[in-house]
Each structure stands twice: as C-alpha cells, then as structure tokens.
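> What follows is a predicted structure for the sequence shown.
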Amino acid sequence: MTSAHRIITPESVLPGAAPCGHIIRGKTVPAASGKTFSTVNPANGREIARLAEGSAEDVDRAVAAARAAFAGPWSRWTPTQRQALLGRVAALVDERFEELALLETLDMGAPLTRTRMLKEPIRQMIMFFAAQALNVKGETLQSSLPLSVQAMTFKAPVGVVAGIIPWNGPLISQWWVLGGVLATGCTAVMKPAEDASLSVLRIVELLHEAGMPEGVVNVVTGFGHVAGEALARHSGVDRVAFTGSTETGRKIIQASAVGMKKLQLELGGKSPDIVFADADLDKAVPGAAMGVFNNSGQVCYAGTRLFVQRSIQHEFVERLKAFTATVKVGDGLDPTVQLGPLISQKQLDRVTGYVGDAPSEGARLVAGGQRPGGDLANGFFFTPTIFADVSNSMRIAQEEIFGPVISVIPFDDADDALRMANDIDYGLGGAVWTRDVSTMFKMVNGIRSGTVWVNCYGAVDPAVGFGGIKNSGYGVKGGAEHLDLYLYRKAVYINLG
Ligand code: ADP
C-alpha cells in the first residue's frame with residue numbers, strides 16, 4: 001500500500017512502545033549494555049520513543065560491520081549499481097515523504113510547513129549524488145619515466161566513514177553523508193544527535209528496503225560524549241564527516257589524530273547580513289528576518305548579525321518588527337505554523353540566557369524575548385526576538401545563540417560594514433542587500449565566508465556546494481569537491497616494457 005492510501009497519524013509514524021535499537025549489519029539490535037534513553041517531542045516535552053544508548057562496545061560492533069561490508073560484495077558493485085540504489089531510495093523517500101515529514105516534525109519540532117517543503121530538495125540531493133557515482137575520474141599523466149612506463153591516478157573509496165550529525169534537520173542533512181558514501185562505495189556508521197535520531201533510523205531502514213547490502217550503513221544512537229567520541233576516535237574509521245558546534249568540532253579534530261582521519265567539518269556561524277539604504281526593503285525585510293527565524297534560528301548559517309545602514313535604521317527596525325508580528329509560532333502539526341519550538345530545554349536555557357543578558361550590555365529589545373504561554377507553555381518555544389542598538393562587540397553579536405534572535409547593528413558605509421562583518425571568529429555565510437552593482441561586488445569580494453548571498457538568504461544547492469572558513473570548519477558539502485572526502489588518490493605506474 002502506498003502512503004497515498006494509508007492514514008498517516010503521529011501514532012502510525014512513531015516507533016511505538018518498544019525501544020528502538022541501533023542498526024548494525026542490517027539488523028535492529030539493542031545496546032550491548034541494554035540501556036535506553038528517552039527522546040521527546042519538543043512541542044510538548046512528551047516522550048515519543050526510547051532509543052538504544054550506544055557505548056564504545058556498540059561502536060566497535062558497528063565499525064566491524066562497516067569494515068566487513070566494505071570488503072564484501074558491496075566492493076564489487078559497479079558505479080551504475082550504486083547509482084541505481086540511490087535512484088530506488090529516492091523513489092521510496094518520495095513515496096513515504098508525508099510520513100517522513102511528520103516523523104521529523106514530531107522528533108525535532110520543525111513545523112510541517114517546513115519539513116514537507118524538504119521533499120524536492122532531498123530528491124535533488126539524492127539525485128545529485130546518484131550522478132556523482134559516475135563522475136569519479138582519474139588521470140593518465142605524462143612523466144619523466146621511460147616511455148614504456150605509463151603513469152596514472154585512480155580514485156579509490158577510503159573505507160569506513162563516520163557520519164556524526166546534529167539535530168537541526170537530520171532528514172535532509174544525513175544525505176550529505178549517505179550520498180557521498182553510496183556514490184563512492186564507502187561504508188558508514190552514522191551517529192545521529194541524541195535529540196533527533198528517528199529520521200536517520202527510518203531512512204537507513206528504507207535504504208535496506210531499496211536493496212542496500214547489510215552493513216553498508218549502520219546506525220549507533222546515543223550520546224555525543226560517549227558514542228560520538230568512541231566513533232570519532234575509532235581506529236577502524238577512515239574519515240569523519242561532522243556537522244555541529246565548533247566546540248565539539250575541536251574535540252573531533254583531536255580524536256581524528258587516531259588513524260590520521262581526514263575530516264569534513266561544518267561548524268558554527270555568526271553570519272553577517274548587510275542591508276544598504278538603496279535595497280528593496282520589501283524583499284530585504286522578510287528575507288533578512290527569515291534568514292534568522294527559519295527553523296527557529298537553529299541554522300548554522302543564519303544571518304544573525306543584521307547590519308543596517310544607519311540612514312534607514314529606524315524604518316527598517318519598525319518594518320522588521322511589523323513583519324515579525326506576523327510570524328506564527330506553535331506546534332508544527334498545525335499546518336499554518338511557521339516556527340516550531342527549540343529542540344530541547346538545554347537549548348531553551350541557552351537562548352533565554354543570552355536574551356536575558358543582552359539589555360545589560362546596552363541592546364534594546366524590540367520584539368519577542370520571552371517564552372509564549374498558554375498551550376505552548378510545556379514546549380521549548382521562544383518567540384522571535386529582535387534587538388536593536390547592538391554593537392558588534394556585544395556577546396549576542398559575537399557568540400552563536402542558535403535561536404530566533406536578530407541583532408540589528410547600524411553601520412555608516414561599505415567599509416564600516418565590511419570591517420564589522422569580518423570582525424568575528426566564524427566564516428560560514430553572509431549576505432548583502434543592495435541595488436548597486438559596485439557595492440554588491442565590494443561585499444561579495446570582501447566578506448570572508450564560505451557562501452555569500454546577494455538579495456536573498458540561505459539558498460544552498462548540492463551541485464554548488466557549501467562550506468566554511470575560520471571557526472566554521474573546513475571541507476565542502478556538495479559540489480565537485482564533495483566526493484574527495486570519500487576517495488583517496490592512488491598513483492599507479494604500469495611498466496609495459
Ligand atoms: P549541540 O551542542 O548543539 O548539541 P554538538 O556539536 O554537541 O551540538 O552535537 C552534534 C553531534 O555531535 C551530535 O550527534 C552529538 O551527539 C555529537 N557529539 C557531541 N559531543 C561529541 C564528542 N565529544 N565526540 C563526537 N561527537 C560528539
């Protein structure tokens with residue numbers, strides 16, 4: 001029966017009363033310790049599932065399964081067969097999308113209006129990686145060796161990849177790892193975030209349904225400092241793809257010294273979004289607002305430092321405030337809600353702390369700044385918040401809050417804006433709103449970050465790629481370079497003499 005004929009309810013998509021296991025060697029298995037932990041719906045704080053609490057022993061088993069699969073029949077799959085597997089899973093994801101979107105909403109809080117919209121981007125991402133399966137190229141090279149020796153390079157899959165991913169959108173973000181793994185013939189152990197693991201477990205089930213051999217992708221659920229740490233350090237892992245906080249990224253770098261693992265790290269951000277007085281404010285106001293509020297501010301490239309040219313500051317802040325009043329916050333199951341809750345009490349405490357401290361540094365609260373009450377009081381909700389009169393040196397302007405909080409910082413001219421935009425430890429995203437071509441190029445060239453948007457915010461395409469500099473990490477997701485993380489270069493000399 002296809003999902004079109006099935007009645008889809010929260011009860012029908014959630015795993016039910018029995019604890020979820022890890023997925024190792026194609027089987028769902030309990031934690032070696034037998035321990036489980038609770039995962040809740042952030043919209044109401046109620047438990048929705050119990051998950052296996054992974055330990056070093058579970059990680060050992062999963063890595064052994066991935067190593068065995070790497071050496072097994074999977075290594076004889078042709079690129080075309082792997083491409084076809086990606087095609088089959090894309091079709092399954094498409095068919096089950098309503099269930100997947102609902103599961104993600106229940107697990108990490110993003111409203112259905114957002115999770116449903118991911119259908120096409122996810123399909124495009126899987127198809128991008130399917131195309132990459134046939135896009136792995138070596139070279140034949142001229143050399144100074146005798147003519148009888150032909151030199152060439154091959155590209156070979158690295159082996160076992162650890163995919164350590166965050167909670168802010170696993171339904172889509174897991175594909176950055178799965179796509180590279182399946183396109184190249186690597187194998188993987190995925191460690192989803194403890195607060196949002198369900199869509200990763202479900203997708204890996206679908207991969208098996210699509211015909212992926214057992215052990216090619218395994219999942220260990222559990223806590224970062226235990227299961228994540230053991231995985232990042234494991235000598236049987238060849239590469240780590242990590243998305244998460246800068247602090248955890250540093251730990252991953254240290255752990256990667258074991259085995260000299262190559263890393264792809266997408267870490268925190270505090271991106272500048274620069275609005276000039278000549279910008280089309282009808283577009284810039286909602287664009288800049290949603291460039292922060294989307295996913296309740298839980299987006300690493302959110303444009304949280306909103307630089308506004310001083311001459312339009314007053315008008316801009318008033319319009320931003322009016323727009324923010326129209327943004328609907330609530331339980332994501334309501335199809336009119338635009339912003340759901342934050343992921344957890346921990347995240348709510350973090351956002352509340354920053355917002356509470358900001359006025360003492362001189363920031364002026366213009367909108368939001370509190371938790372909504374009523375029906376939403378039991379969830380981890382926070383109202384979209386604007387601070388004006390912020391200076392770039394304040395804590396709310398320098399530290400990643402990861403909540404729906406905009407800091408409006410006035411600037412005088414392009415040089416002033418650029419100086420402040422780059423006065424930050426991060427370098428993930430950035431944007432400029434202007435109608436002037438020379439201003440635009442000055443900003444595009446001057447902003448030190450992995451992505452710059454012009455008169456828009458947040459577009460990301462798998463074919464183009466995305467990455468950061470400075471404390472935002474290194475290594476690209478998407479684009480032609482993506483597969484390099486999953487491949488190594490092998491020089492080959494063939495003596496034909
Ligand atoms: P946050 O603090 O926002 O939860 P993290 O960077 O800690 O972000 O989490 C991102 C992912 O990294 C999660 O899957 C988490 O379990 C994992 N993680 C956390 N700490 C570690 C660690 N020390 N080693 C490896 N993975 C970790």
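Done, it's in. Numbers count the residues shown, from 1 in each chain.

> residues contacting the residue nearest the centre of the chain?
Centroid-nearest residue in the chain, with CA atoms, centre = their mean: Ser173, separated by 4.5 Å. Listed by CB atoms under 8 Å, 6 or more residues apart in numbering, the contact partners of Ser173 are 165-166, 243. Bear in mind the C-beta positions are built from the backbone N, C-alpha and C, glycine included.

> same thing but at 7 Å, please
Contacts were defined as CB atoms under 7 Å, 6 or more residues apart in numbering; by that measure Ser173 touches 165, 243.

> Surely it is within a helix?
Yes: Ser173 sits within a helix when classified using DSSP: H, G, I helix; E, B strand; the rest coil.

> and the gap between it and the ligand?
10 Å (CB to the nearest ligand atom, to the nearest Å).

> per-residue confidence at that residue?
Looking at Ser173, its pLDDT is 98.

> try Arg6
For Arg6, pLDDT reads 72.

> Can you classify the closest residue in space to it that isn't next to it in sequence as helix, strand or coil?
Leaving aside its chain neighbours, Arg6 sits nearest to Ser12 (7.2 Å; criterion: CB to CB, 6 or more residues apart in numbering). Three-state call for Ser12 (three-state DSSP): helix.

> Now do Ser12 against the ligand, distance only.
27 Å.

> Then Gly236?
Relative to the ligand, and taking CB to the nearest ligand atom, Gly236 is found at 16 Å.

> okay, now the domains of the protein?
3-267+473-492, 272-460 (automatic domain parsing).

> check contacts around Val216.
69, 74, 187.

> Strands - which of these land there?
Of these, the ones assigned to strands by DSSP state E are Thr187.

> Which one of the contacts of Val216 sits in the busiest neighbourhood?
Thr187 (29 neighbours; other CB atoms under 10 Å).

> Please work out how many residues are found near Ile467.
I think there's a mix-up here, since residue 467 is Gly and not Ile. Applying other CB under 10 Å, we find 22 other residues in the vicinity of Gly467.

> would you put the C-alpha positions of the lowest-mean-pLDDT helix or strand in the chain in CSV?
Least confident helix or strand of the chain, by mean pLDDT, DSSP states H and E, is helix 10-13 with a mean of 93. The C-alpha trace of helix 10-13 is given here as CSV (Å, rounded to 0.1, in the frame of the first residue of the first chain):
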residue,chain,number,x,y,z
PRO,A,10,1.6,10.6,14.7
GLU,A,11,0.9,7.2,16.2
SER,A,12,1.4,5.5,12.8
VAL,A,13,4.8,7.1,12.1
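
> now Thr153, nearest residue through space, not along the chain?
Here the residue nearest Thr153, using CB to CB, 6+ apart, is Gly138, at 4.5 Å.

> Model confidence for the one you found, exactly?
Looking at Gly138, the pLDDT reads 96.

> could you give me the average pLDDT of stretch 338-347?
Mean pLDDT, stretch 338-347: 98.

> so how far does it reach from one end to the other?
19 Å (CA to CA, to the nearest Å).

> Same question for stretch 23-39.
17 Å.

> So for it, mean pLDDT?
The average of the pLDDT scores along stretch 23-39 is 98.

> now that stretch, how far from the centre of its chain.
24 Å (CA atoms, centre = their mean, to the nearest Å).

> Phe276 touches Gln309, doesn't it?
Yes: between Phe276 and Gln309 there is a contact at 5.3 Å, judged by CB atoms under 7 Å.

> Now the least confident helix or strand of the chain: buried residues?
By 16 or more other CB atoms under 10 Å, the buried positions in helix 10-13 come out as Val13.

> next one: stretch 217-234
217-222, 224, 226-234.

> And for stretch 135-146, what's in contact with it?
150-155, 184, 483, 487, 497.

> In ChimeraX, how would I select just the buried ones from the residues you listed?
Per 16+ other CB under 10 Å, the buried members of these correspond to this ChimeraX selection:
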select :155,184,483,487
